[in-house]
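**Q** got a structure for you, letters missing:
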């Protein structure tokens with residue numbers, strides 16, 4: 001049986017979602033609730049990740065994540081994943097510095113959006129994910145435009161994500177604010193779909209909340225991990 005490793009804690013709420021979803025997906029795939037995947041979680045500090053990014057210290061971030069992946073390798077896992085979008089800002093560097101196969105949340109999301117045949121999608125996430133190019137470039141490379149909110153809305157989304165959602169706090173007024181931003185992106189930017197580019201955002205935004213197709217990066221990533229586990 002394959003053994004999967006997760007770099008977790010980025011944040012804790014989504015790590016719990018990964019753990020539970022991998023188990024349920026694995027059981028569904030094998031058709032039994034009497035089986036469990038072999039899974040190791042290395043939970044690190046999301047605030048340290050944010051500090052590295054705030055300081056523009058990509059080498060420090062890369063080294064921090066590389067150490068976490070290497071610790072998973074030492075535990076005997078066969079492949080691993082970083083269970084958050086924002087740390088993928090240094091995914092390529094970590095991938096080069098480690099021997100363990102890593103499954104990228106960005107690459108898997110690109111595959112899903114391509115299968116939906118959309119040309120223009122919106123992206124919300126932390127300000128690091130929205131402002132930097134690591135998430136957008138793989139889409140551009142295959143001819144898909146990725147649109148992010150204006151700078152003011154980016155700041156608001158980031159603050160609510162870090163202060164509330166990362167701590168498991170879900171507020172109706174925050175949901176209404178997010179949906180207003182998404183509606184503006186539909187009307188003004190012509191987005192055809194929406195990428196929930198933070199693994200906590202599905203706590204707030206549900207598929208029935210928008211008329212356009214949503215791409216839940218947590219669910220997409222988990223699906224790829226379960227597929228790998230059950231080969």
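**A** Structure received. Being a predicted model, the structure only gives us computed values, none of them experimental.

**Q** The residue of the chain most remote from its centre and residue 231: what is the separation?
**A** Distance from the C-alpha centroid of the chain peaks at residue 34, with 28.6 Å (C-alpha atoms, centre = their mean). Distance of residue 34 to residue 231, given as C-beta to C-beta, to the nearest Å: 20 Å. Just so you know, the C-beta spots here come from the backbone N, C-alpha and C atoms, and that holds for glycine as well.

**Q** re the thing from before, now the residue farthest from the centre of the chain. Its backbone dihedrals?
**A** With angles defined as degrees, to the nearest 10, residue 34 sits at phi -100, psi 10.

**Q** what about it, distance to residue 73?
**A** 29 Å.

**Q** what does residue 46 give?
**A** 21 Å.

**Q** Compare the two and say which is more crowded by neighbours.
**A** residue 46 (21 against 15; other C-beta atoms under 10 Å).

**Q** which ones are touching the more buried one?
**A** 9-12, 84, 166 (C-beta atoms under 8 Å, 6 or more residues apart in numbering).

**Q** Closest one of those to residue 55?
**A** residue 10 (17.4 Å; C-beta to C-beta).

**Q** ok, residue 144 - contacts?
**A** By C-beta under 8 Å, 6+ apart, the neighbours of residue 144 are 110, 113-114, 118-121.

**Q** Would you mind checking those for buried ones?
**A** 110, 113, 118, 121 (16 or more other C-beta atoms under 10 Å).

**Q** Where do the strands of this structure begin and end?
**A** 3-8, 38-43, 79-82, 120-124, 145-147, 193-196, 213-216 (DSSP state E).

**Q** Note down every partner strand of the first one and its orientation.
**A** Which is strand 3-8. strand 38-43 (parallel), strand 79-82 (parallel) (DSSP bridges).

**Q** Single out the most deeply packed of the ones you listed.
**A** Mean neighbour counts were compared across the strands paired with strand 3-8 using mean count of other C-beta atoms under 10 Å; the top stretch is strand 79-82, at a mean of 24.

**Q** returning to that earlier point: how about the strands paired with strand 3-8, which one is nearest residue 102?
**A** strand 79-82 (5.6 Å).

**Q** Tell me which residues are up against the closest one.
**A** 2, 4-7, 10, 65, 69, 72-73, 88, 91, 94, 100-103, 105, 221, 225, 228.

**Q** among the contacts of residue 144, which two are most distant?
**A** 110 and 120 (14.2 Å).

**Q** Just name whatever secondary elements the lengthiest helix in the chain is in contact with.
**A** Ranked by residue count, the top helix of the chain under DSSP state H comes out as helix 12-30. Using 3 or more C-beta pairs under 8 Å, 6 or more residues apart in numbering; DSSP states H and E as the contact test, the elements touching helix 12-30 are strand 3-8, strand 38-43, helix 217-229.

**Q** hmm, 10 Å instead?
**A** Under the contact definition 3 or more C-beta pairs under 10 Å, 6 or more residues apart in numbering; DSSP states H and E, helix 12-30 sits against strand 3-8, strand 38-43, helix 46-54, helix 217-229.

**Q** how distant is it from the center of its chain?
**A** 14 Å (C-alpha atoms, centre = their mean, to the nearest Å).

**Q** quick one: buried residues of it?
**A** 13-15, 17-19, 21-23, 25-27.

**Q** Please apply the same query to stretch 215-231.
**A** 215-226, 229.

**Q** and which of the residues you listed is nearest residue 208?
**A** residue 216 (12.8 Å).

**Q** hey, what's the closest one bridged with?
**A** The partner residues for residue 216, given DSSP bridges, come to residue 196.

**Q** Pull out the buried members of the contacts of strand 79-82.
**A** 4-7, 10, 65, 69, 72, 88, 91, 94, 100, 102-103, 105, 221, 225.
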